[in-house]
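What follows is a predicted protein model with its sequence.
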Amino acid sequence: MKVVVCTKQTPSTTAVFSIKNGIVSWDDPGGKPNVVNPWDEYAIEEGIRLKENHGASDVIALAIGGEESKEALKTALAMGCTGAILVSDDAFAGSDAVGSARIWAAAINKIGDAKIVIFGKLTIDDNMGVAAMMTARKLGWTPLTFVSAIKSISADSITVERLLDDGKETVTAPLPVVISVVKEINEPRYPSFMGIRKANRAEIPVWKAADLSVNGGTGAAASKVDWSHIFAIPPRVGSVEMIEGDSIAEQVKILVDKLFEEKVI
Amino acid sequence: MLDFSLTDEQQSAALMVRQFVEQEVAPTIKEYDRRQEMNPAVLPRMAELGILGINIPVRYGGQGFDYVTLGLVCEELERCDSTLRVVMSVHMGLNSMGVLQWGTEEQKQRFLVPQARGEKYAAFCLTEPGAGSDVASIRSTAKKDGDSYIINGEKMWISLATKAHHFLWFAKTNPDTGSAGITAFMVTADLPGVTSGDIHGKLGVRAGSTGWVNCQDVRVPAANRIGEEGEGFKIAMSCLDNGRYTVAAGATGLIRASLEASLKYAQQRHTFGQPIASYQLVQQKLAYMQQWYDNARLLYLRAGWMKNQGLRNTRETSMAKWYATDHSFQAANEAIQIHGAYGYSDEYDVERYLRNSRGAIIYEGTSEIHQLMQAGYLLGTRQDKPLRCELPAYDPDFWQEEM
């Protein structure tokens, strides 16, 4: 059983962003400006556990993006994935979510024999959280989103626990499936020292558009999302007023009056 | 060729250690420091993650990284808290690297392998209640008795005193001579007559284990003697070359911690309507801290590079240790000044940085000892002679070969 973990290189959670002339840039003076999408760490961990505990033969980390995305794949390898593939082509640049799903699906089909594809809940750069469902649709597989536990796997089915707004539900679906995982599913391991060394020596294959049979439009031209006007949100302006009074009770009364005035309460 | 770049492997290893300390140590370190207790999860986790064997060859249970990576790891550890780096100083620098350098193949299998795997923790027992810098005056004795030595004596200020399984113990096999009468032994904590205890009330490194170890008529197999009889002083000094390297790298991390905390606070704290970072006297402090950090890092990386090359580095390591520890204290002191009254409280980390920085100016050679060493090199009164066993140069093929 092959498992594919879809991952992405994103800005770090502590990166500082700036926007100039519609161009977004970021840096992280205290660390690395780009990291594996934090949600994907749970996906990678779960993929590795499927190998360790459920007999998966291969756990392939897959990324779409530029050469810099190899860093995310190296992290996945250092954590324990058995292989990594980068899909990178100028023709794919600017793809929207649907275009990306088409690319994911084409790459997963090319890998072949995958029974489970795992995504993180969302990526922290666009926060859309639709990749798992869209990719499942393009593959024609069952999507299982917000998975908080894999309960069991048999030769032809999987049972998972889904974490929903109003509780948990247990779902069984025939394989193959595309799942997205939430952080409750596991505690991601750190890359091991041995893994780091192996990852840094690994030759990561790069698949171009010509290597894939992508069904449908990709790239900026096919994108339905308009990125033509990017600007920073104006900083929130506020003021602080210290309430003075002879006693706590008096201060509270003044505060309550002001909240009434402002129609807060 | 002069190349200041670090490899991806070295950077990734350092990043992994940073993730570990930020996620698992930093959230609770203040509380353990207050309670003067070591977080019981720290040593097992460092072992599990391979940190305790980072630069030991894979064939000896380690991770096969180089000496530069050891320095980078120590920098990351002490950026969080000095107690973590102290573990590496004694377990790795002062003990495990000593066995790597001086131990027989049989001793490496018996002691180094479990230490590098983190199955056994290791400590260094040189200092005594009446002998610190004056190593030749140690009073611990080892008397040959058949195939064993009978060891008596007390050691003081021993890091991991109550945690370690293996003590690299220095005792006089010939009490009538000075340093030439010192011999090194691996004393295991399970031997009858070995007792230990922790010391409380230290100024800093309060979340670590520091204590005393006592040997009373402890029968140690002759097979546990490291090196030859009378070679102990040279072994101790070579171990200090490695321990001091970890101290230098760690102190560099402490400078970075002080700088990062100060930079953040100076941009957040406003006085007279402006962030205090806009004031030139605060900027000057930040600039100096950056200078100290850069200098300290360059000095320890040079020493690490020399170790990788198999070059004798006593002088360079001494310089790095002296500079980095002195300036980690200065950096923490300036960090408190930038934080003002808040820096004086344990609400912020910088007061802990100051307390933690102070010990390293004393142990593993006081700053005064290092000044004398440097002057000795300059004046020609001190020179390093070749050792019977040198620290092996880093050979990636040998280090990384899986047996």
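Cool, got the structure.

which one is the residue in chain B positioned nearest to chain A nearest to, not counting chain neighbours?
Nearest residue of chain B to chain A: B:Gln63, at 3.9 Å (C-beta to the nearest C-beta). For every residue, glycine as well, the C-beta is placed using N, CA and C. Distance criterion C-beta to C-beta, 6 or more residues apart in numbering or on different chains; nearest residue to B:Gln63, sequence neighbours excluded, is A:Phe193 at 3.9 Å.

likewise B:Lys202?
B:Thr210 (6.2 Å).

Look at the one you found and report its pLDDT.
Confidence at B:Thr210, expressed as pLDDT, is 94.

List the beta-bridge partners for it.
Using DSSP bridges, the beta-bridge partners of B:Thr210 come out as B:Ser159.

do the same with A:Ile116
A:Val3, A:Val177.

Next SSE downstream of the longest strand along chain A?
Ordering each strand of chain A by length in residues (DSSP state E) puts strand A:142-153 first. Remark: after strand A:142-153, the chain's next helix or strand is strand A:157-164, criterion DSSP states H and E.

Sheet partners, orientation included, of the very next helix or strand once past that next one?
For strand A:157-164, the following helix or strand on the C-terminal side (DSSP H and E) is strand A:167-174. Strand A:167-174 has its sheet partners listed here by DSSP bridges as strand A:157-164 (antiparallel).

so where do the strands sit in the stretch 151-300 of chain B?
Assigned by DSSP state E, counting those that start in this stretch, the stretch 151-300 of chain B shows strands spanning B:166-172, B:182-188, B:194-198, B:210-221, B:225-226, B:270-271, B:274-275.

Name the residues that touch the longest one?
Pointing back at strand B:210-221 there. Under the contact criterion C-beta atoms under 8 Å, 6 or more residues apart in numbering or on different chains, strand B:210-221 has outside partners B:123, B:125, B:140, B:142, B:145, B:147-159, B:161-162, B:167, B:169, B:185-187, B:191-199, B:202.

now swap in the second one and tell me
Around strand B:182-188, the neighbours that count as contacts under C-beta under 8 Å, 6+ apart are B:98-99, B:102, B:107, B:111, B:125, B:135-136, B:138, B:142, B:149, B:151, B:165-173, B:194, B:215, B:218, B:220, B:224-233, B:235-236.

Tell me the pLDDT of the closest residue to B:Thr252 other than its chain neighbours.
In space, and not counting its chain neighbours, B:Thr252 is closest to B:Ala296: 4.1 Å by C-beta to C-beta, 6+ apart. Per-residue pLDDT puts B:Ala296 at 98.

ok, B:Ala296 to B:Phe4 distance?
Going from B:Ala296 to B:Phe4 by C-beta to C-beta, to the nearest Å gives 15 Å.

Mind checking which of these two has more residues around it?
Between B:Ala296 and B:Phe4, counting by other C-beta atoms under 10 Å in any protein chain shown, B:Ala296 is the more crowded of the two (28 against 7).

quick one: contacts for the more buried one?
With contact set as C-beta under 8 Å, 6+ apart, B:Ala296 has these partners: B:Ala248, B:Ala251, B:Thr252, B:Ile255, B:Ala320, B:Tyr323, B:Ala324, B:His327, B:Ser328.

Check what pLDDT the residue of the stretch 51-200 of chain A found nearest chain B gets.
Closest to chain B within the stretch 51-200 of chain A is A:Phe193: 3.9 Å, counting by C-beta to the nearest C-beta. Here, the pLDDT recorded for A:Phe193 equals 96.

got it, and A:Val237?
pLDDT, A:Val237: 86.

Equivalent analysis for A:Gly30, please.
pLDDT, A:Gly30: 64.

phi, psi of the residue nearest to B:Gln63?
phi -60, psi -40 (degrees, to the nearest 10).

Pull the number of nearby residues for it.
26.

Spit out the contact partners of it.
So A:Phe193 contacts B:Ala13, B:Met16, B:Leu49, B:Gly50, B:Ile54, B:Gln63, B:Gly64, B:Phe65 (C-beta under 8 Å, 6+ apart).

would you list every one of the helices in chain B?
Secondary structure of chain B (DSSP state H): helices located at B:8-20, B:26-35, B:42-49, B:67-80, B:82-88, B:97-102, B:105-107, B:113-116, B:232-268, B:280-309, B:314-339, B:350-359, B:367-379, B:396-400.

Kindly report the residues of the stretch 301-403 of chain B close to chain A.
B:Gln400 (C-beta under 8 Å from any C-beta of the partner chain).

nearest residue to the residue most central in space within chain B other than its sequence neighbours?
For chain B, the residue nearest the mean C-alpha position is B:Ser89 (2.2 Å; C-alpha atoms, centre = their mean). Leaving out its chain neighbours, the residue that sits closest to B:Ser89 by C-beta to C-beta, 6+ apart is B:Thr246, at 4.4 Å.

correct me, but that neighbour touches B:Leu72?
No - counting by C-beta atoms under 8 Å, B:Thr246 does not reach B:Leu72; the two are 11.0 Å apart.
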